[in-house]
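Student: let me see the structure of the following:
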Amino acid sequence: MNITPNIFLFHVHKEAMAAAVRAFDEDWPEAKISNILEDGLFEWVRETGGVVPDMYKAFDTLTEYAVGRGAEGILYSCSAFGECIDACIKKYNLPLLKPNDAMIENALGYGSKIAIVATVAATIPTIAAEIENIARNQKTPVKLSSYVVEGAFDALAEGNPKKHDSLVAKQVSVISDCDVIVLAQFTLSRAAPILNEVTNIPVLNSPSAAVAKMRDLINS
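Tutor: I've put the predicted structure just below:
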């Protein structure tokens, strides 16, 4: 077992990078982490509303770079690019982890009715497909509902994290008729403490679950 594994983190937004680094600092400080940030991809997917073919090449190029730098595992924090990450997982022979897989696996343990909260609309189809795929593999039925918090991501980008958290909390506070709420982006994890104050429904976020799963993959 490598005590200080070389883990690369792939981001398309600085706030997602901050959330991932924070989770590693708290839950796996022994890991040596290197960050790849390509924030142009984030603006690109917001413009297109979803993945387009040229995005696959961008992910492959940057993943190949990380592999060439000796990455022993790569964690992607960008939820809207699931198809691009899947293509890399098929190509490269090392642990590559999508941002939400571990959280989804945990969420299925709470029940079949799952509410998805996002601040970027392009994230919803990707994570919904991921939930349905994992649930299908586990032979677990699921019923999904989704909520996009308008204005929250722009508030975060403009340097107003309190407004971001408040808008997300307002949405979460009115969600009902579900077993668990999942936060569809790494950037949403910063709001987790306040969300636990406005709802009795379990609220799960990705970074800590992803770090724990990557540690298990590396050490297995």
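Student: what's the local residue count around residue 44?
Tutor: Residue 44: 16 surrounding residues under other Cβ atoms under 10 Å. In this view, the C-beta of every residue, glycine as well, is placed from N, C-alpha and C.
Student: ditto for residue 47
Tutor: 9.
Student: quick check: it vs residue 60, distance?
Tutor: Going from residue 47 to residue 60 by Cβ to Cβ, to the nearest Å gives 21 Å.
Student: could you do residue 128 as well?
Tutor: 24 Å.
Student: higher neighbour count, those two?
Tutor: residue 128 (19 against 15).
Student: quick check: next helix or strand after the host helix or strand of the more buried one?
Tutor: According to DSSP states H and E, residue 128 maps onto helix 123-137. Next along the chain after helix 123-137, taking DSSP H and E as the criterion, comes strand 143-148.
Student: rounded mean pLDDT for that next one, please.
Tutor: The average pLDDT within strand 143-148 is 97.
Student: swap in stretch 4-11?
Tutor: pLDDT averaged over stretch 4-11 gives 96.
Student: how much space between the residue nearest the centre of the chain and residue 169?
Tutor: Among the residues of the chain, the one closest to the centroid is residue 99, at 3.5 Å (Cα atoms, centre = their mean). Distance, residue 99 to residue 169, by Cβ to Cβ: 22 Å.
Student: same check, this time on residue 103
Tutor: From residue 103 to residue 169 the distance is 19 Å (Cβ to Cβ).
Student: domain map for this protein?
Tutor: The chain breaks down into these domains under automatic domain parsing: 6-99+208-219, 101-205.
Student: in this protein, which spans are strands?
Tutor: 6-11, 32-37, 73-76, 96-97, 113-118, 143-148, 180-183, 203-204 (DSSP state E).
Student: please produce a markdown table containing those, extended by mean neighbour count.
Tutor: Compiled in a markdown table, the strands of the chain are given as follows (neighbours: other Cβ atoms under 10 Å):
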| stretch | mean neighbour count |
| --- | --- |
| strand 6-11 | 24 |
| strand 32-37 | 16 |
| strand 73-76 | 25 |
| strand 96-97 | 22 |
| strand 113-118 | 23 |
| strand 143-148 | 16 |
| strand 180-183 | 24 |
| strand 203-204 | 22 |
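Student: if we can go back for a sec, I'd assumed residue 81 was in contact with the residue nearest to the centre of the chain.
Tutor: No - Residue 99 is not in contact with residue 81 according to Cβ atoms under 8 Å; the separation is 9.2 Å.
Student: now for residue 56: which residues touch it?
Tutor: By Cβ atoms under 8 Å, 6 or more residues apart in numbering, residue 56 lies in contact with 83-84, 87.
Student: also residue 184?
Tutor: Residue 184 sits in contact with 79, 100, 116-118, 123-124, 127, where contact means Cβ under 8 Å, 6+ apart.
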